[in-house]
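Enquirer: Predicted coordinates and the sequence they were generated for:
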Amino acid sequence: MRPSQKSPSKSAKKAEGGAPSVPAKKAPQPSMPPRGMRDVLPNDQPYWEMLRIKAREVATAYGFERIDTPIVEETTLFVRGIGKMTDIVEKEMYSFETSGTEKLTLRPEGTAPTMRSYISNGMVNMPQPVKVWYMGPMFRHERPQHGRYRQFHTFGCEVIGDDDAVTDAQLALMCYVILKEIGIECTVRINSIGTPESRANYKNALVSYFRSKRAKLSDDDKRRLLRNPLRLLDSKDPSVVEMKAEAPQIVDWLDEDSKAHFMRVLEYLDETGVPYQLDPYLVRGLDYYTKTVFEVFASGENEELAQAALAGGGRYDGLAEILGGRPTPAAGFGIGMDRVVSRLKELGIKPLRPATDVFVAQLGEQGRKRALAVFEELRIAGIRASEAFSKNPIKAQMEIANRLGAKWAIVIGQKEVLDGTAIIRDMDSGTQEISDVRKVVHEIKRKLSNHATEPVVERIVEPTAEGETT
RNA sequence: GUGGCCAUGGUGAAACGGUUAUCACAGCGGGUUGUGGUCCCGCUAUUACGGGUUCAAUUCCCGUUGGCCACCCCA
């Protein structure tokens, strides 16, 4: 998509003679959103709305409440929480300094802010666990690609103050349920990365294994070996993939507690029937993860692509302490909403659009005034009504009524105003009847209740009551 | 951040050095301000931006911006 190139300078008057000559106005590069950021246009909103509604519905059903944290946080929150060595912190943060030398960052993810909020608001004193969900934009300065934006949107759930394996399983289940119920088939890939200690031991084993094969590693992978050996497991280099088969696996290095925890998570997952597969090479990029980690992948041909990951989550028992709170176990997940929406479109899933039952058409100035009042009556009565009062030709209005799928049109013209009547037209049959204008709303209500007994073809997306920031 | 490919209207495409840039869809207007889903007519692009080569550039070259793909990594 590209904005139109209409020349904006056409109407710009040249400087008057005598005035110092202004350099010829360069045709400006048409305004674009910043790289990797985009507009979500009205046409796409139904997809987003479908996801938002489902996500909050599921979260609510599982006992979660909404939380909103600022979009900007102190930079140290992410440096400490996500980890200095991670790519996010090293090169992807939108950081800036205010005049007061405050160092701030546009949030790159939602977990650290949520935990920060838990700590700074003393939520330890609330009934535990605290279960919250959030939805909103996140920012990472990466090279944009399909399914990867600099501003992207996450729906996330966090359970803070609970170390039970059943929580981990339920969180994975929630991801699955949300996606499944809007029509996306997916699989959960799951692994355990244990405690920081057991992971450190494993890391050592992994390093010594790959060190013995160092000669065969690419420069990139050599670098990983030094900096972040776990990442070697994601390498796509065929020779590394081959070596992986013989490499030590993290499961064998888990401490007893983590191992038992993981077994229970899997048992619970078995119980729910969520399709999952063990992925011994799944290691998440953020430092705060402990024990369970999982990612949810859309089923399909591109399954292997990293961008096919629609959601990711896991347990992060160490985060609270890192952020200066008392040790508090926690787990959560985030769903990449942009990716889910794009998947919905790929699958040809049709979102439900707001429907209209009645269209109010008018003719002439008197008709318009009366129609304006009738429309208000309908709206107050809770009837889904539409209009196009700014259009004059009745034909254009009827076209719109038709496009909107209105079941009835109310037509009010000069004649009806004089008679105190209104025409009710059945848009399916084309038959019309005349009603007293004072009873027309009542009449429509009556028709609607009869209509409801017939099979409803189109389901309706109710507009959200409150404004969303996403 | 590294490398590669690409850029024509709101959308999807065609033209690939030479007269008014073609087609479809969408949009808007009209077919006597009283009636929609069909039909007919009309309107809607200084070919992303800037520069260069040429008698001539949408077509070739360079830069910029943006998109896509791979890497990196993640949602």
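Expert: Looks like it came in fine. Numbers count the residues shown, from 1 in each chain, chains lettered A, B, ... in the order given.
Enquirer: what number of residues lie near A:Ser279?
Expert: Small correction: residue A:279 is Asp, not Ser. Per other CB atoms under 10 Å, the neighbour tally for A:Asp279 reads 17. Glycine gets a C-beta too; all of them are placed from N, C-alpha and C.
Enquirer: Please read the previous query as pertaining to A:Met337.
Expert: 25.
Enquirer: check contacts around it.
Expert: Counting by CB atoms under 8 Å, 6 or more residues apart in numbering, A:Met337 makes contact with A:48, A:51-52, A:135, A:152-155, A:470.
Enquirer: now for the residues you listed, which pair is the farthest apart?
Expert: Largest separation among the contacts of A:Met337 by CB to CB: A:Arg52 and A:Phe152, giving 14.7 Å.
Enquirer: Would you confirm that A:Arg384 contacts A:Arg353?
Expert: No. Using CB atoms under 8 Å, A:Arg384 is not in contact with A:Arg353, being 11.7 Å away.
Enquirer: What strand or helix carries A:Ala169?
Expert: A:Ala169 is part of helix A:165-181 when elements are defined by DSSP states H and E.
Enquirer: buried residues in the helix or strand following that helix?
Expert: Of the helices and strands lying after helix A:165-181 in sequence (DSSP H and E), the nearest is strand A:186-192. For strand A:186-192, burial by neighbour count (16 or more other CB atoms under 10 Å) applies to A:186-192.
Enquirer: now swap in stretch A:89-109 and tell me
Expert: For stretch A:89-109, using 16+ other CB under 10 Å, the buried residues are A:89, A:92-95, A:104-109.
Enquirer: Stretch A:176-184 too?
Expert: Per 16+ other CB under 10 Å, stretch A:176-184 contains these buried residues: A:176-179, A:182, A:184.
Enquirer: which among those residues gets closest to RNA strand B?
Expert: Minimum distance to RNA strand B across the buried residues of stretch A:176-184 is 11.1 Å, recorded for A:Leu179 (CB to the nearest atom of the strand).
Enquirer: Skipping adjacent residues, who's closest to the closest one in space?
Expert: A:Cys186 (5.1 Å; CB to CB, 6 or more residues apart in numbering).
Enquirer: Need the pLDDT of the one you found.
Expert: Per-residue pLDDT puts A:Cys186 at 90.
Enquirer: and what of A:Lys345?
Expert: 86.
Enquirer: And for A:Val456?
Expert: For A:Val456, the predicted pLDDT is 40.
Enquirer: same question, A:Thr167
Expert: At A:Thr167, pLDDT is 97.
Enquirer: Am I right that it is in contact with A:Val159?
Expert: Yes. Counting by CB under 8 Å, A:Thr167 touches A:Val159, with 5.1 Å between them.
Enquirer: quick one on the thing from earlier: what is the orientation angle of the helix holding A:Ala169 with strand A:186-192?
Expert: Counting by axes from the mean of the first three to the mean of the last three CA atoms, to 10 degrees, helix A:165-181 lies at 160 degrees to strand A:186-192.
Enquirer: by contact count, what packs against helix A:165-181?
Expert: helix A:45-61, strand A:151-160, strand A:186-192, helix A:256-272, strand A:290-298, strand A:309-315, strand A:330-336 (3 or more CB pairs under 8 Å, 6 or more residues apart in numbering; DSSP states H and E).
Enquirer: Just give the number of residues close to A:Ser449.
Expert: Residues near A:Ser449, counting by other CB under 10 Å: 9.
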